[in-house]
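Visitor: the following block contains a protein sequence and its predicted model.
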Amino acid sequence: MKALEITDLTKIYKNGVQALDSISFDVREGDFFALLGPNGAGKSTTIGIISSLVTKTSGSVKIFEHDLDKELDAAKRCIGLVPQEFNFNIFETAQQVVVQQAGYYGVPRKIALERSEYYLNKLGILEKKDARVQTLSGGMKRRLMIVRALLHEPRLLILDEPTAGVDIDLRRTLWEFLGELNQKGITIILTTHYLEEAESMCRNIAIIDHGRIIENTSKKILLQKLNSEIFIFYLQKPIKATPILNGFTVNLEDETTLSVEVHKNQQLNDLFNQLTAHNIVVHSMRNKTNRLEELFVKLTSKGSI
Amino acid sequence: MNMNMNMNKCMSIWIGFYTLLRKEVTRFLRIWSQTLLPPAISVTLYFIIFGHVLGSRVGLMDGYPYLEYIVPGLVMMSIITSAYANVSSSFFSLKFQRSIDEITLSPLPTYAVLLAFVTAGVIRGLLVGSIVTVLALFFTRLNVVHPLFMLLIVVLSAMLFSLAGFLNGLFAKKFDDISIVPTFVLTPLTYLGGVFYSVNLLPDFWHKMSLLNPVLYMVSSFRFSILGVSDINVYVSTLFIIIAVATLFFVNLRLLERGYGIRT
């Protein structure tokens, strides 16, 4: 079953700005799906329309086969949204915020309280349940928004930049938690600027730019489109000059760091053989940037892949 | 099967409505020093100055001592301003903090959302009205002639001004917008709505002008329910209030369904 089916979705704001230009894409049930794009590409507008916070100009949106135009109530019950911006009543306590949200979905208060204790504990903010939202740190507020989105047990969880402004430790905790949710069968759609995370977590990816979907495929196929990768080599001993390696573009970053572009049809074995021939001993290596990021930059800057 | 589904749906809507109502009532009780105390203080001052100090010089109004005459108007003034302020400020705050999205996202029907805000406004109006009435008893005696009619008028008036406050909240784009209407519209209408005098004392032209003031109908009906005297026909005023409530309810509902002021 399709968790999300978007067909010819267009949004033109009152000021004439066209945020979406007839986009179409599907998300399968159980998928971990990334919607990527530069700022202003139309990601938040798309998410806003799916969650009925933004009115579409034309096109159709179906959530688990419930058309937003015909079965809005049923469609809304399937969705949990974690928005990009904090949107709490800051004078209420953490638990009040999440229990109320569940109440709007018809979850009885007793059950909502039990679930809130579970999820607040799961995300490490249970001790803050009676604290006013305005006293919570940015990371705590981010976690609270995730708890709020889960209390009515949605089948589709949408996260708009969920790790923005969150430190590395917490970011990893959140990704692990989202991975667990996905394992339990919850479909997850996210937008993120941390493409490294999208690369490690998501199975399918759509890239949106200037209101149009420019890629929509599996991560594996998408990454196959990369013609080359840049590797950074850390050397055991310093070298003075850039070595000439047959077929590879090499750059000496500093005396102990080399960057080498390796094309898809080239082999790292060949590269290592040449380095050995130059008496260069490699201590360690890494990708210069994550592969998805390289591809993303190339796609959205209209460069060749 | 269908009956069970309908029951579940009704229960779900009821829980949503009750959750929102509880949130709204908790809000104004939490900030009681801003919501319940000020009308109690200002009306007590009215009782002292207009009733006690000046009232004895005014003499009888429609056959009643002046303080006794103005009490119903002052109670009604407190009810409608509290109901209005509760809904307009609370709804606009939700918009301002974007926490209105919590409601917009949910499957709670628009009529349930509107009813929850209006009910909270009515509850605050009734609570403030009760406080002011108890305070009035320190200054004068009150014999309610038509208690059921009094309750009807109080609830309808509080509903009407809660709905007006909701409309204000929907249209407001900044905090100034929710203070403009109470300052420049609501207060003058209240003061000119027969709270402190009988409109029958006014020259013909101003008497006719006063009949355009909706507050007059509420004050007069409320005074009728307590004292048994009214400036205007109570059936007409009750009908006027009911029509106004129904009209504002459907206007608000339509705007809310269209997402006016809350969806882009």
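Guide: Everything's here; your move.

Visitor: and residue B:250, how many neighbours does it have?
Guide: Residues near residue B:250, counting by other CB atoms under 10 Å in any protein chain shown, number 12. C-beta coordinates here come from the backbone N, C-alpha and C atoms, glycine included.

Visitor: now it: how far from residue B:111?
Guide: 10 Å (CB to CB, to the nearest Å).

Visitor: now swap in residue B:242 and tell me
Guide: From residue B:242 to residue B:111 the distance is 18 Å (CB to CB).

Visitor: where does the stretch 201-305 of chain A dip in pLDDT?
Guide: A:226, A:289-294, A:298, A:301-305 (pLDDT under 70).

Visitor: how does chain A divide into domains?
Guide: A:2-224, A:228-300 (automatic domain parsing).

Visitor: distance between the ends of the shortest one?
Guide: Think domain A:228-300. Start-to-end span of domain A:228-300 (CA to CA, to the nearest Å) is 17 Å.

Visitor: do stretch A:196-211 as well
Guide: 23 Å.

Visitor: where exactly do the strands run in the stretch 1-150 of chain A?
Guide: A:2-12, A:18-28, A:32-36, A:58-63, A:66-67, A:79-82 (DSSP state E, counting those that start in this stretch).

Visitor: so which of the ones you listed is nearest residue A:45?
Guide: Closest approach to residue A:45 among those (CB to CB): strand A:18-28, 4.1 Å.

Visitor: okay, buried residues for that closest one please.
Guide: Buried residues in strand A:18-28, counted by 16 or more other CB atoms under 10 Å in any protein chain shown: A:19-21, A:23, A:25-27.

Visitor: equivalent analysis for stretch B:56-67, please.
Guide: B:58, B:61-62, B:64-67.

Visitor: still on that earlier bit, what's the closest of the domains of chain A to residue B:186?
Guide: domain A:2-224 (25.5 Å).

Visitor: run the contact check for that closest one versus chain B.
Guide: Yes - contact of domain A:2-224 with chain B (CB under 8 Å from any CB of the partner chain) involves A:13, A:48, A:51-55, A:72-74, A:76-77, A:79, A:81, A:83, A:85, A:87-92, A:96-97, A:100-101, A:103-109, A:148.

Visitor: of the residues you listed, just the buried ones, PyMOL syntax please.
Guide: A single PyMOL command selects the buried members of these (16+ other CB under 10 Å):
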select buried, chain A and resi 48+51+52+53+54+76+77+79+81+83+87+88+89+90+92+96+97+100+101+103+104+105+106+107+148
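
Visitor: please enumerate the helices of the stretch 51-200 of chain A.
Guide: Ranges of helices in the stretch 51-200 of chain A, per DSSP state H, counting those that start in this stretch, are A:72-78, A:94-104, A:109-122, A:138-150, A:168-183, A:195-201.

Visitor: again with the stretch 201-305 of chain A
Guide: For the stretch 201-305 of chain A, the helices defined by DSSP H, counting those that start in this stretch occupy A:219-224, A:268-277, A:291-300.

Visitor: what's the most buried one of those?
Guide: Most buried of those, by mean neighbour count (mean count of other CB atoms under 10 Å in any protein chain shown): helix A:291-300, with a mean of 19.

Visitor: pretty sure residue B:260 is touching residue B:170, no?
Guide: Yes - the pair residue B:260 / residue B:170 is scored as a contact, 5.8 Å apart, by CB atoms under 8 Å.

Visitor: settle it for me: which of those two has more neighbours?
Guide: Set residue B:260 next to residue B:170 and count neighbours by other CB under 10 Å: residue B:170 wins out with 18 against 13.

Visitor: ok, that one - contacts?
Guide: Residues in contact with residue B:170 (CB atoms under 8 Å, 6 or more residues apart in numbering or on different chains) are B:91, B:252, B:255-256, B:260-262.

Visitor: which helix or strand contains it?
Guide: Taking DSSP states H and E as the definition, one finds residue B:170 inside helix B:147-171.

Visitor: could you list the buried residues of that helix?
Guide: Under the neighbour-count rule (16+ other CB under 10 Å), helix B:147-171 has B:149-150, B:152-170 buried.

Visitor: after it, which helix or strand is next? Please name it.
Guide: On the C-terminal side of helix B:147-171, the closest following helix or strand by DSSP H and E is helix B:177-181.

Visitor: what is that following helix packed up against?
Guide: Using 3 or more CB pairs under 8 Å, 6 or more residues apart in numbering or on different chains; DSSP states H and E as the contact criterion, the elements in contact with helix B:177-181 are helix B:66-96, helix B:147-171.

Visitor: need these in a markdown table with mean pLDDT, can you?
Guide: Converted to a markdown table, these look like this (pLDDT from 0 to 100):
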| stretch | mean pLDDT |
| --- | --- |
| helix B:66-96 | 90 |
| helix B:147-171 | 94 |
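
Visitor: could you take those and lay them out as a markdown table, with extra columns for distance to residue A:221?
Guide: As requested, the helices and strands packed on helix B:177-181 are arranged in a markdown table below (distance: least, CB to CB, whole Å):
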| stretch | distance to residue A:221 |
| --- | --- |
| helix B:66-96 | 43 |
| helix B:147-171 | 48 |
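
Visitor: go through the buried residues of stretch B:56-67 and name the one nearest chain A.
Guide: residue B:67 (39.1 Å; CB to the nearest CB).

Visitor: can you pull the contacts of the closest residue to the closest one other than its chain neighbours?
Guide: Among residues not flanking residue B:67 along the chain, residue B:51 sits closest, at 3.3 Å (CB to CB, 6 or more residues apart in numbering or on different chains). When contacts are counted by CB under 8 Å, 6+ apart, residue B:51 touches B:66-67, B:70-71, B:139-140.
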